[in-house]
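A.B. asks: following is a predicted model, sequence given first.
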Amino acid sequence: MSDSLVTIRQLTKNYTRGKQTVEVLHGIDLEIPRGDFVALMGPSGSGKTTLLNLIGGLDTPSGGSVSVDGKRIDQFKGGELAKWRAEHVGFVFQFYNLLPVLSALKNVELPLLLTKMGGAERAKRAQVALTLVGLADRGSHKPSELSGGQEQRVAIARALVTDPTLLVCDEPTGDLDRKTADEILGLLQVLNREHGKTIIMVTHDPKAAEFASRTVHLDKGQLVDDAPAH
């Protein structure tokens, strides 16, 4: 079995706006080894979020292939892709997308409602995930009773609760001050180094990229640079 968790070959993505076709990604080749922590960087409109969404199965390519853990996800049909995504990908976004009426624990449990897991097991798994992100004692708090950094930790716990193959983060610290951002990035680093999570993170922040083990730069839909972080 290859050590490459994500293999991308000649990937293209086009969008149609009216009568115009806009090519966002042009023939991208990329390998992401298992256990890697990659920062995807590039100017606004360079295609980094599009690439992230294709790797996470939120979108389908116009051409080329995306393989994750040996499976060609570009060939999956709608329902199949949704099922694969629920089982294999944890998503962390810039805005935490927590449900305000639910406690932190219930927010973390949400992805498990798609599984056949019983209530007690769900609560147990959610508590383990909250403990992992340093919020063991905040399970009963609603989002409004938490700081921005704590809300993002809850969102990370929710992304981890299914034990995903891949953690996909889109500007996870874009809404946080520097100190809190560094704490969240440090947490991602621990999840990568100590728990072996493969993480792909879109960021425009060079300081955030320093927490990753390598940086991949995109410009105008092409890879321009693939360098290890220092």
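C.D. replies: Good, I have the coordinates.

A.B. asks: if I look at the most centrally placed residue in the chain, how far off is Leu54?
C.D. replies: Nearest to the geometric centre of the chain sits Val168, at 1.1 Å (Cα atoms, centre = their mean). When distance is defined by Cβ to Cβ, to the nearest Å, Val168 is 10 Å away from Leu54. In short, each C-beta sits where N, CA and C put it, glycine included.

A.B. asks: as a check, name the ranges of all helices in the chain.
C.D. replies: 48-55, 78-88, 104-109, 119-132, 148-160, 178-193, 206-209 (DSSP state H).

A.B. asks: how far off centre is the shortest one?
C.D. replies: Here the centre of helix 206-209 is set off from its chain's centre by 16 Å, with Cα atoms, centre = their mean, to the nearest Å.

A.B. asks: okay, now the unreliable bits of this structure?
C.D. replies: 1-2, 225-230 (pLDDT under 70).

A.B. asks: picking that back up, contact partners for the residue nearest to the residue nearest to the centre of the chain when sequence neighbours are not counted?
C.D. replies: Spatial nearest neighbour of Val168, chain neighbours left out: Gly56 (4.2 Å); criterion: Cβ to Cβ, 6 or more residues apart in numbering. Gly56 is in contact with Arg85, Val89, Phe91, Leu166, Val168, Ile200, counting by Cβ atoms under 8 Å, 6 or more residues apart in numbering.

A.B. asks: compare those and tell me which has the most neighbours.
C.D. replies: Of all those, the highest neighbour tally under other Cβ atoms under 10 Å goes to Ile200, namely 26 neighbours.

A.B. asks: quickly list what that residue is bridged to.
C.D. replies: Ile200 forms beta bridges with Val38, Val168, as assigned by DSSP bridges.

A.B. asks: tell me who's in contact with it.
C.D. replies: Neighbours of Ile200 in contact, by Cβ under 8 Å, 6+ apart: Val6, Ile32, Val38, Leu40, Leu52, Ile55, Gly56, Leu166, Leu167, Val168, Cys169.

A.B. asks: equivalent analysis for Gly221, please.
C.D. replies: Contacts of Gly221 (Cβ under 8 Å, 6+ apart): Lys13, Glu23, Val24, Leu25, His26, Ile28, Ser46, Gly47.

A.B. asks: if any of the residues you listed are buried, put those into a PyMOL selection.
C.D. replies: Remark: buried members of the contacts of Gly221, expressed as a PyMOL selection using 16 or more other Cβ atoms under 10 Å:
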select buried, resi 13+24+25+26+28+46+47
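
A.B. asks: looking at the contacts of Gly221, which one is closest to Leu176?
C.D. replies: Among those, Ser46 lies closest to Leu176 (Cβ to Cβ), at 22.6 Å.

A.B. asks: the closest one contacts Leu218, doesn't it?
C.D. replies: Yes: with contacts counted by Cβ atoms under 8 Å, Ser46 reaches Leu218, the gap being 4.3 Å.

A.B. asks: before we move on, back to that, as JSON lines, the contacts of Gly56 with distance to Arg158 would be great.
C.D. replies: Formatted as JSON lines, those follow (distance: Cβ to Cβ, whole Å):
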{"residue": "Arg85", "distance to Arg158": "14"}
{"residue": "Val89", "distance to Arg158": "12"}
{"residue": "Phe91", "distance to Arg158": "9"}
{"residue": "Leu166", "distance to Arg158": "15"}
{"residue": "Val168", "distance to Arg158": "13"}
{"residue": "Ile200", "distance to Arg158": "17"}
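
A.B. asks: nice, that's everything, thank you.
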